[in-house]
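In: give me a 3D structure for the following:
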Amino acid sequence: MNMAEMTLKKRMRRKERKRNLIAYSFIAPNFIGFAVFTLIPVIYAFVLGFTKWDGNNPMEFVGFQNFIKLFQDRMFLAALKNTILYCIGTVPLTMVASLVLAVVLNQKVKFRGFFRTVSFFPYVASLVAVTSVWNMLFHPTRGPVNWILQNVFQVANPPNWFGKDLILLTMILFSVWKYTGYYMVIYLAGLQGISGELYDAGSLDGAGTWQKFRYITWPQLHSTTFFVVIMLTITCFKVYDIAIMIAGGGDGRLGTSSTVLVYYIYQKAFINWDLGYASAVAMVLFALVLTVTLVQFKGERVQGKEK
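Out: Numbers count the residues shown, from 1 in each chain. All right, here's what the predicted structure looks like:
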């Protein structure tokens, strides 16, 4: 190898390093922000889960004592159960409602833009405002919902939507109403990416509306549905504000029938100042969300291979 070739290779390596440094300079702020505000706090919370600490006195290492205590804690088990039930109820109902709404509003119907805006409004509106309206609508004695049940459908004893037996159902219904508009927009984007030639071919083969949806629309929306399910699942496991506004009452406290994991973490960390125990609960929530997400990714891969 002569000197000219060596000089050329050195120049090329310098140019490549320069390009790499420029690329890293663009992504470095994002990685630094992720490390400072997400990665380090998660690691610190994991370490705290094995300690007893009130934020003031020195930390005391307790091993797995916090995690053992969790499954003897009646309030934690209630919060875990309520969170899982809330997810099971909210995710499929929101997915179906948003898909149906997207399919309908993707057609050439009158006032399509108006109905899209109205459907999206609950998601962008202030949570305080919409929960106040919801609380008035479903008020046990003065709300129009129970008035209609009592006077139109002749229900002698209309339900108390905010009682301990139905409060979780009320939270689910409210969440479906609030989230449907947002995920409708995502489904609309997926629907508009489907080629019209597929529907034309289906029409030539004699396919009806249901057959087109089953064999063309639904398979083409597979990736969109996967994204919707993942995002909805994570959002539902993180529920806090909706629970406080719907079930919190005047003092913002949640009972056994309505408490959720994020609220329980807040209560233990910033009311009882048991930061080690709160971190253990947070790690359980993290593990739960991670497990569900990995299972869904695994299912997506399996279905992709089958195709």
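In: show me the helices in the stretch 151-300 of the chain, by range?
Out: With helices called from DSSP state H, counting those that start in this stretch, the stretch 151-300 of the chain shows them at 167-192, 196-204, 209-212, 218-220, 222-237, 241-247, 261-266, 275-306.
In: distance check, the closest residue to Ala207 other than its chain neighbours against Asn106.
Out: Distances taken as Cβ to Cβ, 6 or more residues apart in numbering put Tyr215 closest to Ala207, at 7.0 Å, once the chain neighbours are dropped. C-beta here means a position set from N, CA and C on the backbone, and glycine is covered the same way. As judged by Cβ to Cβ, to the nearest Å, Tyr215 and Asn106 stand 17 Å apart.
In: just to revisit the earlier point, got JSON lines for the helices of the stretch 151-300 of the chain, with mean pLDDT and distance to Phe67 too?
Out: Output for those, formatted as JSON lines (pLDDT from 0 to 100; distance: least, Cβ to Cβ, whole Å):
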{"stretch": "helix 167-192", "mean pLDDT": "93", "distance to Phe67": "26"}
{"stretch": "helix 196-204", "mean pLDDT": "86", "distance to Phe67": "52"}
{"stretch": "helix 209-212", "mean pLDDT": "88", "distance to Phe67": "50"}
{"stretch": "helix 218-220", "mean pLDDT": "90", "distance to Phe67": "42"}
{"stretch": "helix 222-237", "mean pLDDT": "91", "distance to Phe67": "19"}
{"stretch": "helix 241-247", "mean pLDDT": "90", "distance to Phe67": "24"}
{"stretch": "helix 261-266", "mean pLDDT": "94", "distance to Phe67": "14"}
{"stretch": "helix 275-306", "mean pLDDT": "84", "distance to Phe67": "5"}
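In: distance to Tyr86 added to those helices, as a markdown table?
Out: Output for these, formatted as a markdown table (distance: least, Cβ to Cβ, whole Å):
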| stretch | distance to Tyr86 |
| --- | --- |
| helix 167-192 | 6 |
| helix 196-204 | 37 |
| helix 209-212 | 32 |
| helix 218-220 | 26 |
| helix 222-237 | 6 |
| helix 241-247 | 8 |
| helix 261-266 | 10 |
| helix 275-306 | 13 |
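In: and the most centrally placed residue in the chain, what does it touch?
Out: Nearest to the mean C-alpha position of the chain, by Cα atoms, centre = their mean, lies Thr235 at 1.7 Å. Contact analysis of Thr235 by Cβ atoms under 8 Å, 6 or more residues apart in numbering lists Tyr179.
In: and it, how far from Leu261?
Out: Thr235 is 13 Å from Leu261, where distance means Cβ to Cβ.
In: okay, Tyr215 and Asn106: which has more neighbours?
Out: The neighbour comparison of Tyr215 against Asn106 (other Cβ atoms under 10 Å) goes to Asn106, with 18 against 14.
In: grab the nearest non-local neighbour of the more buried one.
Out: Leu191 (4.7 Å).
In: what sits against that neighbour?
Out: 102-103, 106, 217, 221.
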